[in-house]
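Asker: Sequence and predicted structure, then a few things I'm wondering about:
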Amino acid sequence: MGQDKRRPLLAANWKMHKTVSEMEEFLSSFLKMVSGIDDRDIFIAPSFVCLHDMVKLLKGTQVEPAAQNMFYKEEGAFTGEVSPKMLTSIGVSLVILGHSERRHIFHEDDELIGKKMESAISHGMRPVFCVGETLEEREKGLTSTVLKNQLSRGLQGIKESDTGRVIVAYEPVWAIGTGKTATLEQIQEAHALLRSEIGKLAGEDIAQKVRILYGGSVKPGNIKDIMGLDDVDGALVGGASLEPESFAQIVRFEEN
Ligand code: PGA
């Protein structure tokens, strides 16, 4: 472990926040704050309405745009959906899939998420694949079963050699947007479990390369300790990514 440290990745998930002008305002401050930082990856996932303009504004910067979701078909009668072909055609190759809000509010199940994962990979995209247990599942001692099931179902349609393109995000549902961060022990334990499961599914070499992000009430005040954990390679940040100062502080995690 750690022999070839994985490149850190700090990702913003804006959820249903920010209009186009608010996005522009954010970028005009944020890009200055992170200019010159080139030893880590930075992604921002705005709403679909902002995505095309964001692609243009991020050209020539080290920050990459990402989508928060997509459907698995290329086109057709799927009212309200956005396809992988539409995303790649505007230069977006990153997509968050299986976020707990998609699973719990919009009832996406493992089967649908698995199809989206397969579609993202076959379109040359890099999915940020979210997994995580609810509080009830944790209290019943089901955390590792839930994580193993979500992981294997999400990866089942993906060839072993393509698994290296997947970014995994561990997001305990009870820590998202609640201000309750998982403890460092809980985070490391879940990440180590996920890495070892990836090893079983795709081989040890790939498991050592796959980046596993933590998400759930990440803030400037806790990111440094979280990033210090062996199997944590980055963070997926909701609330604290909405202000340029706070997301920039998270990007510069070691200075906090
Ligand atoms: P939060 O959201 O940082 O607001 O808890 C994280 C996420 O849902 O990705």
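Answerer: Ah, there it is. Numbering: from 1, shown residues only.
Asker: most remote residue from this structure's center?
Answerer: The outermost residue of the chain, judged by C-alpha distance from the chain's mean C-alpha position using CA atoms, centre = their mean, is residue 77 at 28.1 Å.
Asker: Would you pull up the residue in the stretch 151-256 of the chain closest to the ligand?
Answerer: With CB to the nearest ligand atom as the measure, residue 238 is the residue of the stretch 151-256 of the chain nearest to the ligand, at 2.4 Å. The way it works is simple: take the backbone N, C-alpha and C, and place the C-beta from them, glycine included.
Asker: State the pLDDT value of the residue farthest from the centre of the chain.
Answerer: Reading off the per-residue confidence, residue 77 sits at a pLDDT of 98.
Asker: Disregarding flanking residues, what is the spatial nearest neighbour of the residue of the stretch 151-256 of the chain closest to the ligand?
Answerer: Nearest residue to residue 238, sequence neighbours excluded (CB to CB, 6 or more residues apart in numbering): residue 13, at 5.2 Å.
Asker: That neighbour pairs with what?
Answerer: Applying DSSP bridges to residue 13 gives these bridge partners: residue 45.
Asker: does it really touch residue 240, like I thought?
Answerer: No: when contacts are counted by CB atoms under 8 Å, residue 13 is not listed as touching residue 240 (10.5 Å).
Asker: And the two? Which one has more around it.
Answerer: When neighbours are counted by other CB atoms under 10 Å, residue 13 comes out ahead of the other of residue 13 and residue 240, with 26 against 20.
Asker: Against residue 113, how distant is the more buried one?
Answerer: Computed with CB to CB, to the nearest Å, the distance linking residue 13 and residue 113 is 16 Å.
Asker: just the residues of this structure that are near the ligand, which are they?
Answerer: Contact residues of the chain with respect to the ligand, defined by CB under 6 Å from any ligand atom, are listed as 13, 171, 176-177, 215-218, 236-240.
Asker: Low-confidence stretches in this structure?
Answerer: 1-4 (pLDDT under 70).
Asker: What values do phi and psi take at residue 225?
Answerer: Reported as degrees, to the nearest 10, the phi and psi values for residue 225 are phi -70, psi -40.
Asker: ok now do it, which residues does it touch?
Answerer: Residue 225 makes contacts with residue 184, as judged by CB atoms under 8 Å, 6 or more residues apart in numbering.
Asker: on that earlier part again, switch the residues of the chain next to the ligand over to TSV; also include distance to residue 137 and secondary structure.
Answerer: Shown next, in TSV, are the residues of the chain next to the ligand (distance: CB to CB, whole Å; DSSP: H, G, I helix; E, B strand; the rest coil):
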residue	distance to residue 137	secondary structure
13	22	strand
171	13	coil
176	14	coil
177	18	coil
215	17	strand
216	14	coil
217	18	coil
218	21	coil
236	20	strand
237	23	strand
238	20	coil
239	23	helix
240	25	helix
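Asker: what about the residue lying closest to residue 85 once chain neighbours are set aside, how many residues close to it?
Answerer: In space, and not counting its chain neighbours, residue 85 is closest to residue 74: 4.6 Å by CB to CB, 6+ apart. A count of nearby residues for residue 74, using other CB under 10 Å, gives 11.
Asker: just checking, residue 74 touches residue 82?
Answerer: No: between residue 74 and residue 82 there is no contact under CB under 8 Å: 11.1 Å.
Asker: thinking again about what came up before, distance check, the residue nearest to residue 85 against residue 118.
Answerer: If you go by CB to CB, the gap between residue 74 and residue 118 works out to 13 Å.
Asker: same deal with residue 87?
Answerer: Taken as CB to CB, the spacing of residue 87 relative to residue 118 amounts to 15 Å.
Asker: between these two, which one's more packed in?
Answerer: Each of residue 87 and residue 118 has its neighbours counted (other CB under 10 Å); residue 87 has more, 23 against 19.
Asker: Without its sequence neighbours, what residue ends up closest to the more buried one?
Answerer: residue 67 (5.3 Å).
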